[in-house]
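J.: fold the following.
(2 chains)
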Amino acid sequence: MECKEVEILLVEDNPNDVKLTLRALKKHNLANKVHVVTDGAEALDYIFAKNHYANRKIEETPKVILLDIKLPKLNGLEVLEKIKADKRTRSIPVVILTSSNQETDMVKSYKLGANSYITKPVEFDKFVNAVSKLGFYWLLLNETPQ
Amino acid sequence: MNIKENSKNLFILTFSIIILFSISSAFAQEKPTKNILILNSYHKGFVQTDNIIKGIESVLEPKKNSINLIIEYMDSKVIEYGTQYKEKLFDLYNYKYDNWKFDLIISSDDNAFDFLLEYHEDLFPNTPIVFCGVNNLDAPNLINHNVFTGILEVQSVRETIDLALSLHPETRKIVFIVDDTPTGLYFWSMAQKLFIYYEDIRMIHFDNNLSMEQIENKVRRLSDDTILYFGTFHRDKDGKYYSFDEAVSRVSKASAQPLYGHSVQVLPYGIVGGKLFSGFYHGQVTAELAQCILKGEKVQDIPVLIEPQTQYMFNYEQIQRFGIDTSSLPEGSIIINKPYSFYKENKILIWCVIVFIFIQMVIIIILMMNITKRKKAEEELNVSLQHERFWADIVRNASVGVAIGYPDGHFGMCNIAYQKITGYSEKELQTIDWNKTLTPPEWEESETAKLQELHRTKKSVQYEKEYIRKDGSRVPVELLVHSWFDSDGNVECYFTFVIDISDRKQAEDELIKHREHLEEIVKERTAKLGKSQKSLALLLEDVNESRVELDISNKKLETANKELEAFSYSVSHDLRAPLRAIAGFSQIVLEDYQDKLDKEGEEYLNIIHDNTNLMGNLIDDLLRFSRLGRQKTVSSQIKLKAMIKEVFTEQQKLFPGRKIEFNLQKIPNIHGDRAMIRQVITNLISNALKYTEPRKKTQIEFGCQQKKNEMICYIKDNGVGFDMKYKDKLFKVFQRLHSADEFEGTGVGLALIKLIINKHGGTVWAEGKVNKGATFYFSLPSA
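T.: Presented below is the predicted three-dimensional model:
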């Protein structure tokens, strides 16, 4: 498989969860290319190559975006809406990865076009399992139209 | 064993039914009716859906072959086809077709196929299904071929391009008109894969970055070596929606170059033709597959058709327009719009007939009007002749007394009513003086005054007086007197109308009496009403106060509910994050630093790890409990026995290697909230399995009893049981009768059960003995 600049974009403000997610991905050799941003506004800058990330190319989209809902500045649902509203970024798979197991969040996410919705389990093994499963699926099996 | 015996009985029963059936069917004479269900993804009126149905009916001929054809529409273009809607549809069909046995089901388009994939076992077990109109090329890999077969909806894009190139060999460019709706994107990705076959042809894409006007302008300027291909185009740059016919006819009209396409839907609107997908033909092929199955062929012997089921079709008007020779079209082509028109060929004749009919109608109307006029004149003549007699009759028989009197005192004509009032016959009246004989002396003065008024004003006068009747009695009367004057202004005669008013007089007297009495009553009542009004006002004040208080409480309740929701959201999100960190990092320490830890350290970390997991479960249970409290129940029919079986199979997997005897009694269907009742069943079975773990052989029984107004269900186990002293504590939140070492748990399960059953209007209770098993009961009111 061709190796792109960034394969996974992780949007997560809780440093503990960042570490746990990276470790989970690493366990399945998926952590080689992960870029971490810690709030919604930065995530949009990264995806649309603006401000701090102005020298990125917007065409080099991440293969998958792991998106928390509760985020500083812009929340995950707002970020999701912007990604899915733009023709250039619409096809990037977005996986909502959140603590919230509220049904309303799940319904909203799917309505806005999220590709998966995963509740972060408390138990570490389950967490590793969930993260690696979705990583495998969206990164290796799911080829998006170029 | 119970189950074994049951199944033996069942076998004998089934066997005897089969024998009975084969005997009775040998005697049956009529062809049995077949029930076929057509499940459509979209709505009635959607062109493709309607055409497929027409195609199916043209082959199956339901009336002739005694087929009972039921047609269902899922309307999934009208409503979003999602999980919630699927469940509602499931409930609806489950209810509707509970007692039906279909011989075959035909599904049309993707959503119906998808729905049957998911639910066919529950709704229509073992019924053969023929699908059609399915775009998903992966369909043959998804199905159970013992039950499913059908045809894919594949477009003949390549054949259509080949055809166009053969009809226009000079072509060097093909312009594709395709928007980016899902259908458009799908078509374009398919079309692009074909371009390798046409390396010397330039492929151009007009998409919806253009407006319809821009497309029209571009199409007008195309060179002669170009042809057009209409993929699909519903929405342009300005976001304006175009129907198939509008889009195709605008492009076709603007272009001097031929336009091709692959769908029969656009054929009448300006494409030359192509190898076209037609819903009608698709339906016919589908019905042929269905016929094979009805005749007894096995479903798995009928392969899924993945080749395009399309036909060469052309529009005659366009063929003429581009000078295409019909003999160069492929064999068996269908040509529509061939010029046979009765109107076109007989135009003059038709117009002559219309004009002739019109003139005839005008003549008829004029004649009719003439006849009506004459009839009217005749009638008028007759009427005036009859008038005189008519009026004379009316006067004679009128209920009002009428008399003519002359100023000298003698009577002229007197009618019957007047004779009755006075008591004299007409002849007698003509011999007496009306002024002297009939009028009592006390009325003379007032009457004279009235008559003088009449002479003066020459207008009729009205007044009351009394007559002296023939028998001497008095009768009160009201008179209306006119007079005729001669040319000198003297009275010629009086024309008098008389009414007997004795009844009225009597009534007036009585009325006066009543009025006096009434006034007294009114006075009395008014006094009473005053008192009542005062107390009513006080009462109203009270009600208003209560209403204001109620409003305030309602608002408080609403706020409290919202706060509770926000609180549980925050608990759900914020409380779990630190827990996850504790669990995660203690696990990491255990994994990465094991060599640096002694046994005690490892044990402590394990304790931390276990407890965080327990707390995680506690939070989840607590949230579920609080959410359920606020949730509304959505009632539908539930096949309870099937649900119990399913849950038991699921739960059993969590306790591998155990000997379990599960005795499921007869259980009727119930009404309730499916998700909630499932939670109840899950918790009950999981509890039973949990508390019987120490037993060598687990025995669990689930049963129901129908009572007068309710149904009572129970689950009985041979587990560790409980002391009846604590039976009231069992169902309270976080109450546990066992330590966490003995049995795991958070103490929410039974409380949840109680909450759900109470919400359904039922109750829960339990019986048990220490080490002698437990029985949990719940009741549900009958629907």
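
J.: before we move on, what SS does the one residue in chain A that gets nearest to chain B have?
T.: Using C-beta to the nearest C-beta, the point where chain A gets nearest to chain B is A:Val122, with a distance of 3.1 Å. In short, each C-beta sits where N, CA and C put it, glycine included. Look at A:Val122: counting by DSSP: H, G, I helix; E, B strand; the rest coil, its state is coil.

J.: now it, what are its backbone angles?
T.: phi -70, psi -40 (degrees, to the nearest 10).

J.: need the residue closest to the centroid of chain A.
T.: Within chain A, the residue whose C-alpha comes closest to the C-alpha centroid is A:Leu66; the distance, by C-alpha atoms, centre = their mean, is 1.7 Å.

J.: make sure I have this right: it is in a strand.
T.: Yes - counting by three-state DSSP, A:Leu66 is found in a strand.

J.: phi and psi next, for B:Val400.
T.: Backbone torsions for B:Val400, taken as degrees, to the nearest 10, come to phi -90, psi 140.

J.: quick check: B:Asn209 touching B:Lys237?
T.: Yes - under the criterion of C-beta atoms under 8 Å, B:Asn209 makes contact with B:Lys237 at 5.8 Å.

J.: so how far is B:Phe314 from the nearest residue to B:Ser166 once chain neighbours are set aside?
T.: The shortest distance from B:Ser166 to any residue that is not its chain neighbour, by C-beta to C-beta, 6 or more residues apart in numbering or on different chains, is 7.8 Å, and that residue is B:Ser328. Shown here: B:Ser328 relative to B:Phe314, a distance of 11 Å by C-beta to C-beta, to the nearest Å.

J.: for B:Arg576, same thing?
T.: 66 Å.

J.: over to B:Ile71?
T.: 32 Å.

J.: looking at the two, which one has more neighbours?
T.: When neighbours are counted by other C-beta atoms under 10 Å in any protein chain shown, B:Ile71 and B:Phe314 differ, and B:Phe314 comes out ahead with 24 against 16.

J.: contacts only, for residue 122.
T.: Just so you know, I chose chain A. By C-beta atoms under 8 Å, 6 or more residues apart in numbering or on different chains, the contact set of A:Val122 is B:576, B:579-580, B:583, B:612-613, B:615-616, B:619.

J.: if you could check chain B rather than the one you did, that'd help
T.: For B:Asp122, counting by C-beta under 8 Å, 6+ apart, the contacting residues are B:90, B:94, B:642.

J.: ok, now with 10 Å
T.: B:Asp122 sits next to B:90, B:93-94, B:639, B:642 when contact means C-beta atoms under 10 Å, 6 or more residues apart in numbering or on different chains.

J.: so what's the backbone phi/psi at it?
T.: Note on B:Asp122: backbone dihedrals following degrees, to the nearest 10 are phi -80, psi -40.

J.: confidence score at it?
T.: pLDDT recorded at B:Asp122 is 87.

J.: what do you get for B:Gln419?
T.: Note on B:Gln419: pLDDT of 90.

J.: for it, what are its contacts?
T.: Contacts here follow C-beta under 10 Å, 6+ apart; on that basis B:Gln419 touches B:401, B:403, B:425-429, B:470.

J.: cutoff 8 Å now
T.: When contacts are counted by C-beta under 8 Å, 6+ apart, B:Gln419 is found next to B:425-426, B:429.

J.: now B:Phe102
T.: Under the criterion of C-beta under 8 Å, 6+ apart, the neighbours of B:Phe102 are B:35-37, B:70, B:124, B:127.

J.: B:Lys253 too?
T.: Applying C-beta under 8 Å, 6+ apart, the residues near B:Lys253 are B:Gly270.

J.: state the distance from it to B:Val219.
T.: Look at B:Lys253 and B:Val219: by C-beta to C-beta, they are 9 Å apart.

J.: got a winner among the contacts of A:Val122 for most neighbours?
T.: Each of those was scored by neighbours using other C-beta under 10 Å; the highest score is B:Ala583's, at 27 neighbours.

J.: how close does it sit to chain A?
T.: Between B:Ala583 and chain A the distance is 5 Å, computed by C-beta to the nearest C-beta, to the nearest Å.

J.: now do B:Asn68
T.: Here the distance between B:Asn68 and chain A works out to 39 Å (C-beta to the nearest C-beta).

J.: quick one: secondary structure of that residue?
T.: Reduced to three states by three-state DSSP, B:Asn68 is strand.

J.: who's in contact with it?
T.: B:Asn68 sits in contact with B:33-36, B:62, where contact means C-beta under 8 Å, 6+ apart.

J.: repeat that with 6 Å
T.: With contacts defined as C-beta atoms under 6 Å, 6 or more residues apart in numbering or on different chains, the neighbours of B:Asn68 are B:33, B:35.

J.: for it, give the beta-bridge partners.
T.: On the basis of DSSP bridges, B:Asn68 is bridged to B:Asn35.

J.: buried among the contacts of B:Asp122? Make that a PyMOL selection.
T.: Only the buried members of the contacts of B:Asp122 enter the following PyMOL selection, criterion being 16 or more other C-beta atoms under 10 Å in any protein chain shown:
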select buried, chain B and resi 90+93+94+639
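
J.: got TSV for the contacts of B:Asp122, with pLDDT and secondary structure too?
T.: Formatted as TSV, the contacts of B:Asp122 follow (pLDDT from 0 to 100; DSSP: H, G, I helix; E, B strand; the rest coil):
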residue	pLDDT	secondary structure
B:Phe90	91	helix
B:Tyr93	92	helix
B:Asn94	90	helix
B:Lys639	90	coil
B:Ala642	91	helix
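
J.: follow-up on the earlier one: among the contacts of B:Gln419, which lie within strands?
T.: Using DSSP state E to define strands, no part of the contacts of B:Gln419 is located there.

J.: among the residues you listed, which are in helices?
T.: Secondary structure assignment (DSSP state H) places B:426, B:429 from these within helices.

J.: which among the contacts of B:Gln419 end up buried?
T.: Applying 16+ other C-beta under 10 Å to those, the neighbour count classes B:Leu429 as buried.

J.: measure the closest residue to chain A within the stretch 501-650 of chain B to B:Tyr73 for me?
T.: Nearest to chain A, among the residues of the stretch 501-650 of chain B, is B:Gly616, at 3.1 Å (C-beta to the nearest C-beta). B:Gly616 sits 46 Å away from B:Tyr73 when distances are taken as C-beta to C-beta.

J.: same question, B:Asp621
T.: Distance of B:Asp621 to B:Tyr73, given as C-beta to C-beta: 42 Å.

J.: kindly report the same for A:Phe124.
T.: In this view, A:Phe124 and B:Tyr73 are 49 Å apart by C-beta to C-beta.

J.: the two - which one has more neighbours?
T.: More neighbours sit around A:Phe124 than around the other of A:Phe124 and B:Tyr73, counting by other C-beta under 10 Å; the figures are 25 against 19.

J.: mind checking how far that one is from B:Glu591?
T.: With distances defined as C-beta to C-beta, the gap from A:Phe124 to B:Glu591 amounts to 9 Å.

J.: ok so, going back, shared neighbours, B:Ser328 and B:Phe314?
T.: Overlap between the contact sets of B:Ser328 and B:Phe314, as judged by C-beta under 6 Å, 6+ apart, is nil.
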